[in-house]
Structure formats: C-alpha cells, structure tokens
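K.L.:
Need coordinates for the following:
(chains A and B)
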Number of protein chains: 2
Amino acid sequence: MAVTLIRNGIVITVNDAFDVIEDGFVAVAGGRITAVGAHLPPELERAAAVQVDAGGGIIMPGLVNAHTHLPMVLFRGLADDLPLDRWLNEFIFPAEQKFLSPSCVRAATRLACAEMLLSGTTTCCDGYFFEDQVAEVLRDCGLRAVAAQGVIDFPAPGVPDAAQNVGHAVEFVEKWRARCATVRPSIFCHSAYTCSARTLTAAKQAARRLGVLFQIHVAETAAEVAQIRQQQGGLSPVAYLDRLELLDADTLLVHGVWMAAADMQTVARRRAAVVHCPHSNMKLASGIAPLPAMLEAGLKVGLGTDGCASNNTLDLFSEMDTTAKVHKVKSLDPTAMDAAGVLKLATIGGARCLGLGDETGSLEVGKAADLVVVDTRRPHMVPLYDAVSQVVYAAKASDVRYVMVAGEFRVRDGRLTDMDLDCVLQDVVPFARSVAGELGGAAAVCAPQQAGKAVFRSGR
Amino acid sequence: MAVTLIRNGIVITVNDAFDVIEDGFVAVAGGRITAVGAHLPPELERAAAVQVDAGGGIIMPGLVNAHTHLPMVLFRGLADDLPLDRWLNEFIFPAEQKFLSPSCVRAATRLACAEMLLSGTTTCCDGYFFEDQVAEVLRDCGLRAVAAQGVIDFPAPGVPDAAQNVGHAVEFVEKWRARCATVRPSIFCHSAYTCSARTLTAAKQAARRLGVLFQIHVAETAAEVAQIRQQQGGLSPVAYLDRLELLDADTLLVHGVWMAAADMQTVARRRAAVVHCPHSNMKLASGIAPLPAMLEAGLKVGLGTDGCASNNTLDLFSEMDTTAKVHKVKSLDPTAMDAAGVLKLATIGGARCLGLGDETGSLEVGKAADLVVVDTRRPHMVPLYDAVSQVVYAAKASDVRYVMVAGEFRVRDGRLTDMDLDCVLQDVVPFARSVAGELGGAAAVCAPQQAGKAVFRSGR
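P.N.:
Sure, this is the predicted structure:
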C-alpha cells in the first residue's frame, strides 16, 4: 500500500493523553493513519510514495462541524439583524418554500463543501431537505458526513405532504445505509414545537430500527421552553423528549441553550449528546448555552456552526475562538473554558457525538486519515509558544494549507484539489438572484468575477 | 498629479448617508480621494496613471483600531486561560520588565504592522513603552497612527524612574508633534489605579498644553470599580476622572465595561470618547461593555483589539463580527447592534475618537486615501446580497486584497508591498525564545520556516 508522509510539523494528536509532538510526522496508508510520532524511521521515509513537508506548521485532526444545514449557504446574509419572527416568516421560510429544488440544493451544498474543506472541516453533520442531493454532493466532494433528512409537520421542500415526512426520511436512510463508507444517513426532526409527539416517536423508532443517529433542535430559545412547558404540563423540552423515550446514545440534541441542571442530568443518564452552536445562538440572540455545566455533567458535546443564515459562515476556527471567549465572559472567569477543551469539542468531541469517535476526531494509529495542516508563517501566528492556544485564539480558517479526508488530499497548498472553485461560486448565483428578486429589499446579487482580473495596469 | 483609480467594486462609503455604490470607483491623487462614484467619467479613466480592477470586490474605508499595545504581539499566546492576577503578575508584567528593549519593540511592532496591514487596518491608536520606537516603525511601515507614550507610577520599560514618567511622555510628544503627517503623538496613562491623582493631572495638563490626545484604561473590571470607589469616597472611575478634570473632547477612555448610566452621561457631557474592545474583555473575562447604551447616550465610540496578549490577534474583521453578536446575545435582542452600526464603529467612529474624523474613516472627496479592497471570490463570500452584512458577518481578514494608506498601496494582491514578511517573522523569534526560556512552562518557540518548503515530492 502506498504510504503518504506528512512531516516536519507540530502534531496535535487530540488523543486521550492530548499529546503534542514538537517535530512530528503522520504516516498514512489505505486511507488510515499508520504511524504518528517524533522520530521518523528511515525505512518509513524510504517507503513513502508522497511526502508533504508541513513547513513547521501544525498538523491536527480535521475539524468536525456537528450541526449545520449546508444548503442554507444560499441564504447567507439575506436578512440579518432582524427580529427572529420576521427573519423566519418573511425571509427564511418563504425562501425555503419557493426556491429549494434538487439542483439548487446541489449547487448550494457544493459551495458549502468548498467552504468547509478550505477552512479545515473534514466531517460534518447536516440536517435539511432534499438530503439525497446533499448526501450525493458530500460523497462526491469527499467529506465525511452524517446526512439527515429533515422531518417537520408542515409541507416542506421535497416533502409536500407532511404525512409522508417520516416515510420519506426512512426511504432516504434505507437508500444510503450501506451506500458509502464516508456518508452515513440519519433522521433529523426539526423540533418538539414543529413535530407532533406521534411524528417524533415514529421518527425515533425508525432511526432506532435502522441503527442511525436521531437529531433534533432542543431548548434553543426561552420562548420554545415556555411553549413546551405550557403544552406539556410543565415539562421542559428535554423532559418532554425523555417522556417520549427519544433520548439514548444515538440521539443528538442541538443547541440546549436553555437546558436546566435537571435537563443535563437527564441527558447524561440517557447518554445522549449535545451540539453547541455559539455563533448562531449569539446572532439570533437566543442565549448562551451552559457549556461548562454540560461538560461538568459529563455530557458528550460537539461544536456546530448551524446554517449560514444565522452565522454567516461555516468557519470552525472562529467558532472555537468564540466558544472559549464567550464562556469566560459569561462566567467572569478566564479559566472557564481553555484552549485544549475547546479544541477537543471541535474534533474528538464532535466525532463522539456523531458516533464516529472510533473513526475520526484524533490522530491515532488505525483511525481514518482525516487531518489538516495549518500554516504558521503568518504574522498573526508568530511567535508560537503553544500550538493549542495558537490554533484556538490566533489561527484563521485561511491558514489551512492541506486537508486530507480518508487519506485523500482535498486541499493542497490552500487550493481545492478536485473542485473548480470559480464554477462552484458561479453556479450558485442564478439561484441567489431568484431569491433576491422575489423577496425584495435585498440588493441585486453580485456575481463573483473570474479570478485574476484585479491587476495593476498603467493607464498610459 | 498622478491619478490612481480603483474601479469595478462595490463601494461602501461610510459617509453620513451611508451610501453604498453597486458598481463604483474611487479616484486618488496626491494621497487624497478626488472622486467617488458609480459612473466613471472617460476623462478620469484616460487620466489614470494606475488602475486597479477590484474584480467585483468591496471597496471600503481602511479599518481603525482605536486601542492596542502593538509590541505585545511578542506575548501572543504566552499565557492563556489563566486567572487575571497570575496572567499579569507571573507572565505579562515580568515579561515586560525583563525583555522589552528598543530593538525588541521595533521587531515586535514591525510584526504588528504586517498583521494590521494584511488584515485591512490602516489606522491604529497605540499606547505602550519605548513609544519612540513604535512611532518610528509605524511611520516607516506607512500606517496612520496615534502613538502614545505610556505613563504608570512604577518603574516601566524605558522609564526606570517613575518620577520621570510624565516628563518622558512630554519629551516624546514634543519630538513627534510636527515630525510626521501620519503619526501623531499622544499620552497614555495606564489607569486610575496605577497612576496617582498627581500623575493623572500632570499628564492631562501636558496633553492639553501640547494639543494631543490623552488616553486611559477606565472601568475595565468590576474589581477596578470597587477599588476606586473605596479609595475615592464612593466615586466611580469615570466620576473620579471627571473630578480631576481629565475628561474633554481630547480624552479617550478605553474599555468602559463597567460604566453605569451616570458615567455615560458624564462622558457625553464632556464629549470624551470610548473604545470598545470586546475580544479582550471576553478573553480576560472582564465583562461586556454596555455598547448600545453608550451609543444611545450619544458617545463617540470606536473599536479596538487591545494588545495580543489578550485577544490574540489584531484582526478587526473578527472584532466586528463579535461586536454585533455579543451585544445581540447579551440583550437577547437580534436588533441590538446591526452590521452598519458596527462597521461605523470600526471606521468613522474610531477615526472620530482619535480626532481624525476629518482625515480618515470614510471614502469621501478630500479625505486621505485610506482604503481596502476585500475579495468576494471566496466560498464564504457567496452569495452577496448585502455588502455591509457580508463585511461584518462573513468577510475574513484574509479576504483583504489591497490596502492603501494616504494614497500608497501597502498591500497589493494580498502581499505587503514594502516589507519582507519572512524577515519580519524571523526577527521576532530570538526575542520570543528569550521570553519562553525565562518564564518556563511555555514550550520552545518554533521559528517560522521560509515559505515554499511545503511541497509534494515523490519518494521514489
């Protein structure tokens, strides 16, 4: 088997001991990590078919985006700074109803994949509609993913008859269950306030029967908690889901902003997982989730960007920086979250939430070769006293130089290896123009121009 | 006079009407903006000596970093996630005492200038020690700046005799007062808890006599407010400074995290300005300043990154994004701060705080040509419905493609025009190695390697 060697870097393993290797290497063969260490054996060097000199950069696990709605990149910046009800009812819901189609979802997901790969994300967990198209694009772009068909008790894009929502999701899961090693299907119920008890129960039972992850937005806003308490005899959203027997080790609860201590105990007891999405929760003014308490309670926690209508990017580097800082300031305690803890959330933590903890999320022998090389030859990356601090507090998505998923380079020297970026950008423009034209208020959509047009010219 | 034309971009003027020109141009001659508009007159096109095609990108005012301590880039990532007293007393203060020297400050400031220019900052307001060296480097690197010599009632780097602190600052101001059109001197008293009433009064009187800006950290932490209240008969830090007659239109108050409503009224009445530094306040767990209330009270407000020991970068794009989001979530109101309001803080707002509101901070005829071109051909910048939203919520520092200060390009096609980046990075390493060696605990400092070493090679 051909060996690829990535050498001459600081290796942040994110293994259990959290080893950081100052001048380390990672060897890859057959899509898996075959060696990680400090002293490169000469025979390994001789055996390598391809060698990549990391140039003193940081070699780290690929990032895991544990919650997103990829096709929503189409709505990036469409309607910011609005009250939540106007944002949803005047822009996002109408846009989803009117403009989503298989071809639109494909183009938008390709754009999202380009953004994720270029910013060091190797695994994502998506939940949306037309998920068959999303899954296809994820597979073709080479990302590792959990892709979930959305379930909601209203007519939805691709599911005009809500009575078919769970059936549609089951079909999707059955189609993708054994189709692709890197893209696993899942079922995503939107929430306890948009799905009936019957829908929730049917969806979870199907997920359990099919052996896939069940996902749901929970306790995102105070209004949601109040509504569920009123409707469900005082139960919190988590307690309500628990009463419906939806919580187990294959359930992923998204947001949890307004989880109380009792909720966390319930989630811990059921071994369910939580995804923390600080940028989205801040931008929509939902609140700041009790992350330190969740970790204290022993919950599995990952980080997510959420969709680009509420973030507005898929940048996990920025998400890590914000995660550390927002919990420090919320608690007025600078030790509340540290860099290593945050990096774990964005790698192994997310992987465990998705049931992929044995497959990805750390650089260890036997795991899939999902890794990133971060360039350190940038002014904001100098000096470099502590690689973990640097990754969380200084590194930018744009510092990502190499990205490998399952042993294949998807980004090489800062460029996508398999995707034509200009085409990817252009393909979204007609769909975005339709959205802008219909919803009014928004300005004309500017088409990205071909690269290389910005040049110095002498006028005479 | 040779005309430079930047064309084919979306021009965000940040003028009073906040005009955004969809397909616009900016013309520059003699270091000043001579025209801004949508329809390029043919005679102007013919007259242009240099034309830059912005390639459909965003042409916007250069960003104004209204508070920083540039040489502290040397301490970036040295000691993160520690309680404030350990961070200050075990790391930052000892490091400043032992390692700062004129040559060290020069190397560190050059690094900071490279970082600022590459991330679209054209104006900064610095306050530190060895400020003569800081000012020289700022001038040589071509940034617009207010540079302030620090004053503190302890032996300080370059000012071993604290009794000379104000005298030293006065000398610095006198040296730089008429020396350079783009670098203006100033006096920076560290705080009301590290400077006596006598020092504060003498420093402000000197600043007033010399006609320069007076700066001071105020109400950064709850502990500071408690201490001043106890020492000053119940007065808040702002009230105390007001009693000392330090507040006027040439006073810049930094942080103001714990300003009460009465403090804001005092600041408004004296027409003093405030710099908001959200990343630093979050990372040090100081608190979240009442920015919406400050703006409501009519205060002049700018944005600052603070020094890199508490941020850890000089990236105002990230600062803008966080500013909008943290105030939305603090108030649980998504309309609390909008993108346009935040962009104003980072441009014209900061310029006005520094007394440079007529010179920079917006793209208007007659003003200095301080501008930035942001590339929009990136996945995270597509689609583009609203250029202002895109700048605040999606753009990254790395999207900056051209930077002009006073009519001179300092960044062209993403690269520094006048600085050798490899040298700038390498020059800091020996100083950082000394810091790491002495303070222990911190890992060995990795030297950035020359670019171009990360290449694909076939092993055989």
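K.L.:
right, and A:V225 touches A:W258 too?
P.N.:
Yes. Shown here, A:V225 and A:W258 form a contact pair, counting by Cβ atoms under 8 Å, at 4.8 Å. C-betas here are computed from N, CA, C, even on glycine.
K.L.:
Assign A:E245 to one of the three secondary structure states.
P.N.:
Classification of A:E245 using DSSP: H, G, I helix; E, B strand; the rest coil returns coil.
K.L.:
looking at it, it is touching A:R208, isn't it?
P.N.:
No. Counting by Cβ under 8 Å, A:E245 sits too far from A:R208 to count as a contact (9.6 Å).
K.L.:
buried residues in the longest helix seen in chain A?
P.N.:
Secondary structure of chain A per DSSP state H: the longest helix is helix A:421-439. By neighbour count with 16 or more other Cβ atoms under 10 Å in any protein chain shown, helix A:421-439 contains the buried residues A:421, A:424-429, A:431-436, A:439.
K.L.:
coming back round to it: show me whatever sits in contact with both of A:V225 and A:W258.
P.N.:
Counting by Cβ atoms under 8 Å, 6 or more residues apart in numbering or on different chains, the contacts common to A:V225 and A:W258 are A:A219.
K.L.:
Could I get the full set of helices for the stretch 251-400 of chain A?
P.N.:
Secondary structure of the stretch 251-400 of chain A, counting by DSSP state H, counting those that start in this stretch: helices at A:261-270, A:278-283, A:291-296, A:316-331, A:339-344, A:350-353, A:387-389.
K.L.:
so who does the residue lying closest to A:F214 once chain neighbours are set aside touch?
P.N.:
Closest residue to A:F214 apart from its sequence neighbours, by Cβ to Cβ, 6 or more residues apart in numbering or on different chains: A:A207 at 4.0 Å. Contact partners of A:A207, counting by Cβ under 8 Å, 6+ apart, are A:173, A:186-187, A:213-214, A:250.
K.L.:
Let's see that with 7 Å instead.
P.N.:
Shown in contact with A:A207 (Cβ atoms under 7 Å, 6 or more residues apart in numbering or on different chains): A:187, A:213-214, A:250.
K.L.:
What of A:G77?
P.N.:
A:312, B:385-386, B:389-390, B:393-394.
K.L.:
per-residue confidence for A:C446?
P.N.:
Here the pLDDT value assigned to A:C446 is 65.
K.L.:
Hmm, I typed the wrong one, I wanted A:R76.
P.N.:
95.
K.L.:
Check whether it really touches B:D386, as I assumed.
P.N.:
No. The pair A:R76 / B:D386 is not scored as a contact, 9.9 Å apart, by Cβ atoms under 7 Å.
K.L.:
which of these two has more neighbours?
P.N.:
With neighbours defined as other Cβ atoms under 10 Å in any protein chain shown, A:R76 and B:D386 compare such that A:R76 has more, 33 against 26.
K.L.:
Please give me every residue in contact with the more buried one.
P.N.:
A:308-309, A:312, B:383, B:394.
K.L.:
Kindly indicate which of those lies nearest A:D53.
P.N.:
B:A394 (32.4 Å; Cβ to Cβ).
K.L.:
A:D153 falls within a helix, correct?
P.N.:
No. According to three-state DSSP, the state of A:D153 is coil, so it is not within a helix.
K.L.:
close to chain B, is the longest helix of chain A?
P.N.:
Yes. Shown here: helix A:421-439 in contact with chain B (Cβ under 7 Å from any Cβ of the partner chain) through A:424-425, A:428-429, A:432, A:436.
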